[in-house]
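Chemist: model this:
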Amino acid sequence: MTIETIQPQPIARLARELSIILIGTILLTLSAKMVVPFYPVPMSIQSLVVLSLGLFLGPVRGTFIVGVYLLEGLAGLPVFAGTPPAPSGPVYFMGPTGGFLIGFAFAAATTGWIAQKLGRFGPALRASIAVLFGTVTLYSAGLFWLSNFVGYGQKLMSAGLFPFITGDLMKAAIAVVLYAIFHNRRSA
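Modeler: Predicted coordinates:
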């Protein structure tokens, strides 16, 4: 067998997939570190990246990238918001935001799956519905876990939902607009 008989397509495909994973995890890390001054609490842009990964890359790739990112943090790499000085690794997952981290994977999967299933609809409608359900999935996981720290009811909503909902609606709208622009340009 000579080198000419080896087909480069599988190697090129693997290199492309690894590049997508690397870029995705870098985007997630940067989005955790970038804090936008916002009232009543500062806002990261992580949910924008998570929802966009699901929209643009689909449920499998998007969720896989989020999973790799979570494994990086679990292994102790400082990829999460506030790390350092906050410790990474399993300790970070056991804190109040651990459910939101796990919710990222579910949100990417939900957003990507719904966007694929609604393929016959226009990109803006498809993305709006997918992002809505992805956001609900993210908050469901996050609030469920956070309730172990703050309890239920008004305390839970005040700690984990109300301060963040306006910013997350803005980030969801940005994801929808980017997706619609991308798909409208592709079809033109």
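
Chemist: Contacts for the helix or strand of the chain with the lowest mean pLDDT next, please.
Modeler: Sorted by mean pLDDT, DSSP states H and E, the helices and strands of the chain end with strand 35-36, the least confident at a mean of 82. Contacts with strand 35-36, where a contact means C-beta atoms under 8 Å, 6 or more residues apart in numbering, come from P42, M43, S44, I45, A81, G167. (Each C-beta comes from the backbone N, C-alpha and C, glycine too.)

Chemist: Narrow these to just the buried residues.
Modeler: M43, S44, I45, A81, G167 (16 or more other C-beta atoms under 10 Å).

Chemist: Pull up the pairing partners for the least confident helix or strand of the chain, direction included.
Modeler: Next to strand 35-36 in the sheet, as set by DSSP bridges, lie strand 43-44 (antiparallel).

Chemist: Just the C-alpha atoms of stretch 13-24, please, in CSV.
Modeler: Taking Å, rounded to 0.1, in the frame of the first residue of the first chain, the C-alpha atoms of stretch 13-24 are listed here in CSV:
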residue,chain,number,x,y,z
ARG,A,13,-13.2,15.0,8.3
LEU,A,14,-11.7,14.0,11.6
ALA,A,15,-9.6,17.2,11.6
ARG,A,16,-12.6,19.3,10.8
GLU,A,17,-14.7,17.7,13.6
LEU,A,18,-11.9,18.1,16.1
SER,A,19,-11.5,21.8,15.1
ILE,A,20,-15.2,22.4,15.6
ILE,A,21,-15.1,20.8,19.0
LEU,A,22,-12.0,22.9,20.0
ILE,A,23,-13.6,26.1,18.7
GLY,A,24,-16.9,25.3,20.5
